[in-house]
Every structure is written in structure tokens, then in C-alpha cells.
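J.: Just a sequence and a predicted model for now, questions to come.
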Amino acid sequence: MIPYYILAIEDETDRAYMTALFFQYQKLMYSTIQKVTNDHWLIDDIFQTSFEHLIGKIDLLKDLDRNRLVNYLIVTCRNTAYNMCRSYSAHITEDLDEYATILPDETQPSHLDDYLIQKDRLSSLKSIWPKLDTRSQNLLEAKYILGKLDSDIAKELDIKEASVRMALSRARKKAYELIKRDAGIDTY
């Protein structure tokens, strides 16, 4: 199936060239992206963004010989993957910062205690967040920051709801062990 962004190219010869390029190098481009990230949620986005960059360079691509074209495709995919992964990591940290600044009604002492405990927990989570694998980050973000139900996460990942609960349990355990390790508490 040809993606819509290729079908949107107005010039018939350019559309035919990009369609051929898509079918010929699709596996190479995906494998290049998968070397940078295993996050299945991002791989398709990275591929589409890379291909959109390539559409803007059709004239340059047509002038390249096969070896240079392959190298150009690899470098484009790899750099787009690095950039998107970097911006995604920054986005998560910013989300945690925004969430930590939500203040409760501070006039009541119990709310202040809850707020301070919550802020301390978020600070711990923020410090270990980059050490978590991407899958754990995505699961924890979906469940606890975005507030998604297990059934919704299961549909997005195309897995069973029980598998989501197990994966969340493992992700929480990894995060807890990292927090304990950072605090200097034995994890045995």
C-alpha cells in the first residue's frame, strides 16, 4: 500500500520515483531506524518524517548514484531517529516538570503534606526516567501521566489486557529498583 504522503505529490514522475524508492528501500529504512530505537510507537513516525524530508529533496535524490542514494537514505533515517528520540525524551521530562508544579489548596495542612510527598516522588521518578528503557517509559507515561486505562493501552500495543498489567508491573518494579539504587538502599 502506498502512503498518502506519496500520493499527495503533484508531479507524476516525482510520485512514480518516490513510490519506487518507497518499495525498494522500505526495509532498509526501517532496519536503520530500529537500530536507533526499539520503540514501536515511534518507528512509524520516524519513517514517515524521514520520507517527508526525502520528498523535499526529490531533485537531489534523482541525481545520486545508487551507492550515494543508499547512504543518503540511511543517514536521513538515522539522524531523524536520533532527533525524534531526543525530542521525545525532552518532552517526557517537561511533562513531569509540568505535572510536579500543579499545586493543591495549600491552606490545608493535609493537602500540603500530600503535595510534598507527591513532589518528592516525582523528583525521584524524574531522576531515574532516562535510565528506564523506552518501553517502560511509554507504559508508565500512558498509565500514570496520561491516565489511560489498561484496555486502551492494550489496544494501542495490540496485546492482551493481562499482558499490559504484567508489563506495567515490571516497569514499576524497574523504576522502584532504580529509585532505591539512586537513594543508596540495597535492592537485594
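T.: Arrived safely, thanks for sending. For clarity, every value in this text was computed on a predicted model and none was experimentally measured.

J.: The residue positioned nearest the centre of the chain: what's it in contact with?
T.: Closest to where the C-alpha atoms of the chain average out (C-alpha atoms, centre = their mean) is Leu42, at 4.6 Å. Counting by C-beta atoms under 8 Å, 6 or more residues apart in numbering, Leu42 makes contact with 81, 84-85, 88, 134. Heads up, the C-betas are built off the backbone N, CA and C, glycines and all.

J.: For those, pick the one with the most neighbours.
T.: Within the contacts of Leu42, most neighbours by other C-beta atoms under 10 Å means Ala81, with 25 neighbours.

J.: so for stretch 166-181, what's the average pLDDT?
T.: In this model, stretch 166-181 has an average pLDDT of 88.

J.: What residues sit buried inside that stretch?
T.: Residues 167-168, 171, 174-175, 178-179 are the ones in stretch 166-181 that count as buried (16 or more other C-beta atoms under 10 Å).

J.: How about stretch 64-71?
T.: Those would be Leu69, for stretch 64-71 by 16+ other C-beta under 10 Å.

J.: Not counting sequence-adjacent ones, nearest residue to Ile6?
T.: Leaving aside its chain neighbours, Ile6 sits nearest to Met18 (5.1 Å; criterion: C-beta to C-beta, 6 or more residues apart in numbering).

J.: What is the burial count for that neighbour?
T.: The number of residues near Met18, taken as other C-beta under 10 Å, comes to 22.

J.: still on that earlier bit, from the buried residues of stretch 166-181, which ones fall inside helices?
T.: If you go by DSSP state H, the buried residues of stretch 166-181 have 167-168, 171, 174-175, 178-179 in helices.

J.: how about those in TSV, adding distance to Ser127?
T.: Below are these laid out as TSV (distance: C-beta to C-beta, whole Å):
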residue	distance to Ser127
Ala167	22
Leu168	21
Ala171	16
Lys174	14
Ala175	11
Leu178	9
Ile179	8
